[in-house]
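Undergrad: the amino acid sequence is not available; the structure is as follows:
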DNA sequence: ATTAATATTGCAACTTAGTTGCATTAAAAT
DNA sequence: ATTTTAATGCAACTAAGTTGCAATATTAAT
């Protein structure tokens, strides 16, 4: 189940995603919001926003969890098979709105995939 | 710098990779070897085996670090742009020896990429 | 075979991400 | 205004991964 009550904590988190084009790591969100809410609350709200199809999550190059606003997702399916690009210098992550086709693998039922491309962003190059 | 002394801890780790086709997470390695060596040692040897081009690492679906034996890597370059497949049921990870082409991204210098495909393996299906 | 140099290891303590249980607080429906 | 219960805060916890330093064990030199 997703979000049912519009608390000020929920509003604060949604506000961040509305005003941010790029992705953000949970660790950064917790730091960013530490004066406004507990870290447990951050984790719990993010879970619910996932269920609602408002945000999607993925794993960054260091193994940390990142979140970004969904573009074409519904509550039922997260259609974010889009790749992510992470800058090795500044660490920023962007969702790439291109599609890519997975290599065919014989015998395995592939249900989801995540592609992380690492390099240098325009700002750091 | 890589490995210079052939200690019994180093041999134990290399032995595991030699007798294992699939990948293994660092957490599992630490547990597997806890009677034989300290976890710090496991982490340090893995770093060196990376430098030597003996193993390569990647991030699994839960954000944990995994290692597997290299097939076509040298000390200079890790050519493991191959995808990995992780079973959502048993958690096992396999290196897939297929190549895939990255989507072209305008303006970004892509230096490395990791593709993780998640689904169900033959054993669990 | 000893000895000396130093790479490697073990240990303890630490950092950080993420989780859990429970009492308290605050939406929102009545 | 009251009641219901979803949501929050807090403290304590687990687990991954790191660091500094003293002790140990390879390896090279004698």
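TA: Received it, and whenever you're ready, just let me know what you need. Bear in mind the structure is a predicted one, so any value in this text is a computation, not a measurement.
Undergrad: leaving out chain neighbours, which residue sits closest to residue A:52?
TA: residue A:2 (3.7 Å; CB to CB, 6 or more residues apart in numbering or on different chains). In this view, the C-beta of every residue, glycine as well, is placed from N, C-alpha and C.
Undergrad: hmm, the one you found is touching residue A:45, no?
TA: No: between residue A:2 and residue A:45 there is no contact under CB atoms under 8 Å: 10.0 Å.
Undergrad: show me which residues of chain A are close to DNA strand C?
TA: A:4-8, A:25-27, A:30, A:39-40, A:43, A:64-65 (CB under 7 Å from any atom of the strand).
Undergrad: show me the longest helix that occurs in chain A.
TA: As assigned by DSSP state H, the longest helix anywhere in chain A is helix A:39-51.
Undergrad: for it, which outside residues touch it?
TA: A:1-3, A:9-10, A:13-14, A:17, A:26, A:29-30, A:33, A:55-57, A:67, A:75, A:78 (CB atoms under 8 Å, 6 or more residues apart in numbering or on different chains).
Undergrad: now do 6 Å
TA: Here helix A:39-51 makes contact (CB atoms under 6 Å, 6 or more residues apart in numbering or on different chains) with A:2, A:3, A:9, A:10, A:13, A:29, A:30, A:33, A:55, A:67.
Undergrad: turn those into CSV, including pLDDT.
TA: Formatted as CSV, the contacts of helix A:39-51 follow (pLDDT from 0 to 100):
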residue, pLDDT
A:2, 90
A:3, 90
A:9, 98
A:10, 98
A:13, 98
A:29, 98
A:30, 98
A:33, 97
A:55, 94
A:67, 97
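Undergrad: need the longest strand for chain A.
TA: strand A:109-120 (DSSP state E).
Undergrad: in chain A, which spans are strands?
TA: Counting by DSSP E, the strands of chain A are A:24-25, A:55-59, A:65-69, A:84-87, A:93-95, A:109-120.
Undergrad: save those as TSV, and put in mean neighbour count and distance to DNA strand D too.
TA: Formatted as TSV, the strands of chain A follow (neighbours: other CB atoms under 10 Å in any protein chain shown; distance: least, CB to the nearest atom of the strand, whole Å):
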stretch	mean neighbour count	distance to DNA strand D
strand A:24-25	18	15
strand A:55-59	21	11
strand A:65-69	21	13
strand A:84-87	22	17
strand A:93-95	20	18
strand A:109-120	17	15
